[in-house]
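Undergrad: Quick one, what's the 3D model for this:
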Amino acid sequence: MKNSKGFTLIELLVVIAVIGVLSSIVLASLSIARQRGRDGAIKANLNTVRSEMELYYVGGESYGDPAVAGSAVCDVETDPEQPFTSVDNIRHAIASAELSSDGQAVCSVGVGGGSWAVSVPLADSADSWCVRDIGAGGTGVASEGGPNSASCQ
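TA: Reported below is the predicted structural model:
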């Protein structure tokens, strides 16, 4: 009778293959969780924008300069008259959302300064998350919706 010690080459290859399959499943799950986390951060930052915009409105009864109504990429450095750039909490929340998405935010103020919308592309997705002065957030891109309205389309 032969007394052998150790594992055969086949046994070692089977164990290595099983470990490889399990590690690929774990890495795929982590990638999805990371993407969902980035999307959650974008949504949380835009909810902060919504809250701060309402505080801004209560303080001044307008969402921005009516003469600058329309949609554009949010340039948080150049236009100190708009609430998107003049209020630190709003500016930082938009910048954080852009950082999470690796995309540019789009800000819109309705004609007359009575409405607003902000959208940021979701991480690793073709969709954008949009919040506005009325209602809950959803997918869409901020745009000037018509007279006295900014919307998510």
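
Undergrad: do you know how far the residue at minimal distance from the centre of the chain is from residue 127?
TA: Centroid-nearest residue in the chain, with Cα atoms, centre = their mean: residue 42, separated by 2.7 Å. With distances taken as Cβ to Cβ, to the nearest Å, residue 42 is found 11 Å from residue 127. Where you see a C-beta, it was placed from the backbone N, CA and C, and this is true even at glycine.

Undergrad: cool, residue 20 as well?
TA: Look at residue 20 and residue 127: by Cβ to Cβ, they are 34 Å apart.

Undergrad: okay, those two: which has more neighbours?
TA: residue 127 (13 against 10; other Cβ atoms under 10 Å).

Undergrad: Can you name the residues that contact the closest residue to that one other than its chain neighbours?
TA: Distance criterion Cβ to Cβ, 6 or more residues apart in numbering; nearest residue to residue 127, sequence neighbours excluded, is residue 139 at 4.5 Å. Residue 139 is in contact with 122, 127-130, 152, counting by Cβ atoms under 8 Å, 6 or more residues apart in numbering.

Undergrad: Beta-bridge partners for residue 139, please?
TA: residue 129 (DSSP bridges).

Undergrad: now the host helix or strand of residue 49: mean pLDDT?
TA: If you go by DSSP states H and E, residue 49 is part of helix 9-60. On average, the pLDDT along helix 9-60 is 89.

Undergrad: just checking, what packs against it?
TA: Packing contacts for helix 9-60, counted by 3 or more Cβ pairs under 8 Å, 6 or more residues apart in numbering; DSSP states H and E, involve helix 83-86, helix 88-101, strand 116-121, strand 128-132.
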